[in-house]
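K.L.:
predicted structure and sequence below. I'll ask about it afterward.
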Amino acid sequence: MLQNQTILRIPGPTPIPPSVQRAMQQPMIGHRDPETAELLKSIQPGMQQIFGTKQVVSVVAGSGTSGLEAAVVNTVAPGDKVIVCVTGAFGERFAAICKSYQIETIILEEVWGEPVNPKKLEQLLHENPDSAAVFITYCETSTSVLNPIAELSELIHSQSNALVIVDGVSCIGGVELEMDQWKLDVVVTGSQKAFMLPGGLMFVAFSDDARQKMNANPRPRFYLDLLKYEKAAQEFSTPFTPATSLLYGLQEVMQLMKEETLESVFKRHLQLRDMTRAALRALNLELLAGDAFASPTVTAFLTPGIEAKQVRKQLSERFGIRIAGGQGHQKDTVLRIGHMGYCSATDVLLIISALEVVLTDLGHVFEAGQGTVAAQKALIGGNVHV
Ligand SMILES: Cc1ncc(COP(=O)(O)O)c(C=O)c1O
């Protein structure tokens, strides 16, 4: 196989556009020099637009998990009780973080592949009216479910005083987000998925209510003290040395998204999802998430009758295409295709076409070519810029 011809279609990290790669190669600058302030200043409007907020979006050097941990330690005071919605591996992570701080954690658990059931959440809020926060995963990367966070947030605020805390690591930048309008209190994401950057940056914004809670919260925190980041960001600075090269990359990402327009970025992701799902169905494969809650950024599916890991292995060895396996108890049964960030219809057509070859050789029964035809049909007539 050709060296370097790896086609990365896991749900993050994702491929990096060439202009972003180039932007990250710029010479280093001093983090307290005016150039860094200019860089941070230029990034802020685009980030606020992506988050749908007038609040400051802080840029923190850390992975997505640092954002989850920061959300917990800043908003949950010792003695507080919280509800964590677990729809897959990343809901479990939120719960694990809460438990590691010995926080009383009520878990709302769904079968993997299902979204949060609002009735169950309402019941839990009723039983635990003193809950300080509800944690929700926007796109549950392990199952490819996009939880209905606007609806859930409305429910939470109508039934309680709990803060609504959202992990948007695997979808923000690729899907709609209206943080202020949806009354989300803390929103966290990371750089290596729809933001088309390497891992290493965490982005976070929070509401006035969350800020009040943070100010009153005696829980110790230092590097992940979000109030420090917000204060510094207001002055186009960072409390600690920033990951400057990634900031250059982020500046270019903001430019690319501006040129494409956010509306088109979101439409493109919907189109990629629809192509992928139509194709997998036509190949007699089983989609893990239902249509109503299918994420535009990743698609999880099952391969009844054939070993999932063989599909992955052959795609990698014969075509250089890397897709992901499942997580947790779905490790050996589920496969996941990432279609977020720097991803076009061309990429989906390519993967589906290669997948057909692999499935045929593994003895899977389907009508040859029908996956590609289904993906094409989902594309024809669409006016989406890809
Ligand atoms: C939904 C979600 N949350 C959190 C994380 C953790 O991010 P990181 O691996 O950058 O710490 C991921 C990573 O895949 C994710 O998909």
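P.N.:
It's in. Residues are numbered from 1 along each chain as shown.

K.L.:
pop out the phi and psi values for the residue in the stretch 201-350 of the chain that the ligand sits nearest to.
P.N.:
Of all residues in the stretch 201-350 of the chain, Met202 sits closest to the ligand, at 7.5 Å by CB to the nearest ligand atom. Placement of C-beta: from N, CA and C, glycine included. Dihedral angles of Met202 (phi, psi; degrees, to the nearest 10) stand at phi -120, psi 140.

K.L.:
what's the local residue count around it?
P.N.:
Using other CB atoms under 10 Å, the number of residues around Met202 comes to 25.

K.L.:
ok, now His157?
P.N.:
For His157, the count of nearby residues is 18 (other CB under 10 Å).

K.L.:
same deal with the one 5 residues further on?
P.N.:
Residue neighbour count, defined by other CB under 10 Å, stands at 22 for Ala162.

K.L.:
can you list the domains in the chain?
P.N.:
Taking automatic domain parsing as the domain assignment, the record places the domains of the chain at 7-14+261-379, 18-258.

K.L.:
now the ones you listed in CSV, with mean pLDDT?
P.N.:
Conversion of the domains of the chain to CSV gives the following (pLDDT from 0 to 100):
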stretch, mean pLDDT
domain 7-14+261-379, 97
domain 18-258, 98
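
K.L.:
now stretch 99-108 - C-alpha only, CSV.
P.N.:
Presented in CSV, the C-alpha positions along stretch 99-108 are these (Å, rounded to 0.1, in the frame of the first residue of the first chain):
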residue,chain,number,x,y,z
LYS,A,99,-17.6,9.9,41.4
SER,A,100,-13.9,10.4,41.6
TYR,A,101,-14.6,13.7,43.4
GLN,A,102,-16.9,11.8,45.7
ILE,A,103,-19.9,13.7,44.4
GLU,A,104,-23.3,12.1,45.0
THR,A,105,-24.1,11.0,41.5
ILE,A,106,-27.6,10.0,40.3
ILE,A,107,-27.4,8.1,37.0
LEU,A,108,-30.0,8.2,34.3
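
K.L.:
what comes up buried for the helix or strand harbouring Thr372?
P.N.:
Element membership for Thr372 (DSSP states H and E) is helix 370-379. Under the neighbour-count criterion of 16 or more other CB atoms under 10 Å, helix 370-379 has Gln370, Gly371, Thr372, Ala374, Ala375, Gln376, Ala378, Leu379 buried.

K.L.:
contacts made by that helix with the rest, please.
P.N.:
Contacts with helix 370-379, where a contact means CB atoms under 8 Å, 6 or more residues apart in numbering, come from 271, 274-276, 278-283, 345, 348-349, 352-353, 355-356.

K.L.:
contacting residues around the closest residue to the ligand within the stretch 51-200 of the chain?
P.N.:
Nearest residue of the stretch 51-200 of the chain to the ligand, counting by CB to the nearest ligand atom: Gly64, 2.6 Å away. Contacts of Gly64 were listed using CB under 8 Å, 6+ apart, and they are Asp167, Val169, Val188, Thr189, Gly190, Gln192, Gly199, Met202.

K.L.:
selection in ChimeraX covering whichever of the contacts of helix 370-379 are buried, please.
P.N.:
To isolate the buried members of these in ChimeraX, using 16+ other CB under 10 Å:
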select :271,274,275,276,278,279,280,282,283,345,348,349,352,355,356
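
K.L.:
the contacts of helix 370-379 in helices, which ones?
P.N.:
For the contacts of helix 370-379, membership in helices holds for 271, 274-276, 278-282, 345, 348-349, 352-353, 355-356, with DSSP state H as the criterion.
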